[in-house]
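**Student:** Fold the following and give me the result.
(one chain, ligands or ions: 1)
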Amino acid sequence: MGALDGKTAIITGGGSGIGFAIAERFVKEGANVVLAGRSQKRLDEAVEKLGRRARGMVTDVADEAQVQRLIDSEPRIDLLVTCAGGAVFGPVEQVPTKSWRELFDGRFFGQLSACHHAVPKMPPGSSIVLCSGIAGHAALVNYSGGAGLCGAVNAMGRSLAVELAPKGIRVNVLSPGLTHGTAIDWKVPPEKLDEFMAGLMSNIPMKRSASAHEMADAAFFLATCTYATGMVLDIDGGWTAI
Ligand SMILES: NC(=O)c1ccc[n+]([C@@H]2O[C@H](COP(=O)([O-])OP(=O)(O)OC[C@H]3O[C@@H](n4cnc5c(N)ncnc54)[C@H](OP(=O)(O)O)[C@@H]3O)[C@@H](O)[C@H]2O)c1
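**Tutor:** Residues are numbered from 1 along each chain as shown. Okay, here's the model as predicted:
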């Protein structure tokens, strides 16, 4: 018997990194998972690893019609996890505003539109796990637009938790710190990557990055703890404690 036997989960960004680790964990606990991402190849590889209880659906979460098609593909949704998205880094005077807008299209509006379409299909007892990042709580240099995005997702999660409590739907936000083993593109030139990573690592009391499996542990807790709602859970090796 798994904790998620018979449950259906939609996991955006489930083809790699944190989303994939969450999918692995959910499948191990008995859930059927639908993975969404833009690359068919990435989804196919993920589904092959996860086995018969997983399927993939090509979806660009920045396009609401595609999000609606994804949600429409299941009659009932017990778990919605929205991990799709990337990052943009750079000094405020150099990063074009358009780049931050595009980040919001996927990582903010992608999560909001997934909730918009999924909520009517979520029975009492179901759970939404949004994904932000510790920049919502800790100042991260060269990430001004991303910090705003993370703060916006955190605020959206709290607000939705209160709004959806009467429907019996819990809403929480997973806020990852620096996580390795993912496909995230930091948009940093290769020759500057070591220096960039060392800069990030210097903020972390535990002096190491997290694994995607450590993020999946947190997502599983948020998905299954029946009294957890309205939380923003920073899993960050102590970064936001200082
Ligand atoms: N890694 C970290 O240190 C860290 C820290 C804080 C927050 N986060 C956030 O955590 C989430 C997961 O990131 P990760 O580290 O696991 O990176 P990842 O391995 O790159 O995972 C992100 C996934 O999202 C998908 N994706 C990106 N844009 C999409 C779009 N518009 N529509 C649909 N799918 C899209 C990607 O697949 P396709 O390219 O095939 O679409 C990819 O599978 C992201 O929102 C990230 O910003 C990560």
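
**Student:** Pull the number of nearby residues for G6.
**Tutor:** Counted with other CB atoms under 10 Å, the neighbours of G6 add up to 9. Every C-beta, even on glycine, is put in place using the N, C-alpha and C of the backbone.

**Student:** Up against the ligand, what does this structure have?
**Tutor:** 12-13, 15-19, 36-39, 42, 59-62, 83-87, 106-107, 131, 133, 176, 178-179, 182-184 (CB under 6 Å from any ligand atom).

**Student:** Please name the nearest non-neighbouring residue to S16.
**Tutor:** Once flanking residues are discounted, S16 sits nearest to A183: 4.2 Å by CB to CB, 6 or more residues apart in numbering.

**Student:** G146 reaches G90, doesn't it?
**Tutor:** No. If you go by CB atoms under 8 Å, G146 and G90 don't touch, sitting 10.0 Å apart.

**Student:** Neighbour count for the two, which is higher?
**Tutor:** Between G146 and G90, counting by other CB under 10 Å, G146 is the more crowded of the two (24 against 16).

**Student:** what about the more buried one, which SS state?
**Tutor:** helix (DSSP: H, G, I helix; E, B strand; the rest coil).

**Student:** And for R52?
**Tutor:** coil.

**Student:** Can you get me a residue count around it?
**Tutor:** Around R52 there are 8 residues (other CB under 10 Å).

**Student:** Any chance of the backbone angles for it?
**Tutor:** The phi/psi pair for R52 (degrees, to the nearest 10) reads phi -70, psi -20.
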